[in-house]
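1. sequence plus predicted model, see below.
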Amino acid sequence: MIRHRFAFRETIATILAERDEDVEAARRGLMSARQDLERYIAGDPFFVATLEPYPLHTGIAIVDRMADAGVSAGVGPMAAVAGAIARAGVEEMIRGGARLAVIDNGGDIALVSDRTLTVGIHAGTSPYSDTIAFRVPPQDRILGICTSSATVGPSISFGSADAVCVISPDPCLADAWATALCNSVSREDQHMLGRVPWDRIEGVLVIEGNWIHKEGTLPPIVRARVDRDLVTGGPW
């Protein structure tokens with residue numbers, strides 16, 4: 001298996017693939033999505049600034065996907081940016097015939113896989129951090145596993161959770177809902193889980209300190225020892 005780190009401006013990602021040509025396809029997909037998004041933002045800077053839902057139909061795939069996901073979750077479209085870019089990279093890998101295509105874009109993962117994968121969970125200083133993982137069975141269609149944290153990384157968050165993981169066939173939707181739930185769900189308040197569109201979201205895992213909460217259908221959670229060097233992210 002090839003493990004390739006990709007870094008361009010704010011995008012810091014890990015690509016997993018079997019073939020060099022699949023890595024190159026991932027890079028093309030990531031760069032193309034970023035370029036489409038940057039061109040759009042140049043003419044609509046409000047898109048990148050708003051924290052509120054911003055319904056749009058521009059005909060630009062990444063822009064419309066992010067906007068739709070933000071409307072669903074009640075957040076701004078940029079809450080879905082990492083999942084949207086990861087999805088675009090995996091889609092390009094699939095077009096090239098990849099059977100293993102994994103992109104971890106700073107904790108927001110899009111994947112297809114012909115084998116079982118172990119996806120570790122990083123949750124800051126929680127005792128569950130780097131000690132548990134999802135055991136994800138083979139996937140012949142894209143699956144999104146996206147994580148938001150109020151205590152790890154530079155993203156804006158209004159909550160207290162160390163990690164909120166959302167699983168959906170749509171990585172954009174998983175990313176936006178991870179943000180929305182991380183902004184609001186805590187051990188004292190889980191009302192936001194009642195607003196989740198469970199027809200499009202498969203499962204949610206919330207970790208706050210030594211408290212863990214599960215909703216929906218999740219892959220098996222197993223004990224794991226996660227190598228911190230494999231955690232994709234920035235210099236925090």
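-> Here it is on my side, so go on.
2. surely residue 126 meets residue 206?
-> No. Using Cβ atoms under 8 Å, residue 126 makes no contact with residue 206, being 10.7 Å away. Where you see a C-beta, it was placed from the backbone N, CA and C, and this is true even at glycine.
3. return every residue with contacts to both of the two.
-> residue 163 (Cβ atoms under 8 Å, 6 or more residues apart in numbering).
4. remind me, longest strand of the chain?
-> Using DSSP state E to define each element, the chain has its longest strand at strand 139-148.
5. same for that one, what does it pack against?
-> Counting by 3 or more Cβ pairs under 8 Å, 6 or more residues apart in numbering; DSSP states H and E, the packing neighbours recorded for strand 139-148 are helix 81-95, strand 108-113, strand 132-136, strand 163-168, helix 171-184.
6. out of the ones you listed, which is the most enclosed?
-> Each of these was scored by mean neighbour count; the highest is helix 171-184, a mean of 30, by mean count of other Cβ atoms under 10 Å.
7. who's in contact with the residue located most distally from the centre of the chain?
-> Taking Cα atoms, centre = their mean, the residue of the chain most remote from its mean C-alpha position is residue 43, at 26.0 Å. Taking Cβ under 8 Å, 6+ apart as the contact definition, residue 43 lies against nothing.
8. I'd like the distance between it and residue 56.
-> According to Cβ to Cβ, to the nearest Å, residue 43 and residue 56 sit 12 Å apart.
9. do residue 215 as well
-> Residue 215 is 29 Å from residue 56, by Cβ to Cβ.
10. kindly report the same for residue 93.
-> For residue 93, the distance to residue 56 (Cβ to Cβ) stands at 27 Å.
11. one more: residue 151?
-> 32 Å.
12. cool, and residue 131?
-> From residue 131 to residue 56 the distance is 41 Å (Cβ to Cβ).
13. quick one: low-confidence ranges for this structure?
-> Residues of the chain meeting the criterion pLDDT under 70: 153-159, 228-236.
14. my guess is residue 226 contacts residue 128. True?
-> No. Using Cβ under 8 Å as the test, residue 226 is too far from residue 128 to be in contact (10.6 Å).
15. so which of those two has more stuff around it?
-> residue 128 (20 against 17; other Cβ atoms under 10 Å).
16. so what's the closest residue to the more buried one other than its chain neighbours bridging to?
-> Distances taken as Cβ to Cβ, 6 or more residues apart in numbering put residue 207 closest to residue 128, at 5.2 Å, once the chain neighbours are dropped. Here residue 207 sits in beta bridges with residue 163, residue 212, going by DSSP bridges.
17. so what's residue 207 up against?
-> Contacts of residue 207 by Cβ under 8 Å, 6+ apart are 121, 123, 126, 128, 129, 161, 162, 163, 164.
18. and for residue 173?
-> Applying Cβ under 8 Å, 6+ apart, the residues contacting residue 173 are 69, 72, 73, 80, 83, 144, 166, 197, 200, 201.
19. can I get the buried part of those residues as one PyMOL selection?
-> With 16 or more other Cβ atoms under 10 Å as the criterion, this PyMOL line picks the buried residues out of the contacts of residue 173:
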select buried, resi 69+72+73+80+83+144+166+201
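20. for the contacts of residue 173, which one is nearest residue 108?
-> Residue 108 lies nearest to residue 83 out of these, by Cβ to Cβ, at 4.6 Å.
21. nearest residue to the closest one in space, please, no chain neighbours.
-> In space, residue 83 is closest to residue 175, 3.0 Å off (Cβ to Cβ, 6+ apart).
22. list the contacts for that neighbour?
-> Here residue 175 is in contact with 69, 79, 80, 81, 82, 83, 84, 108, 144, 146, 148, 166 (criterion: Cβ under 8 Å, 6+ apart).
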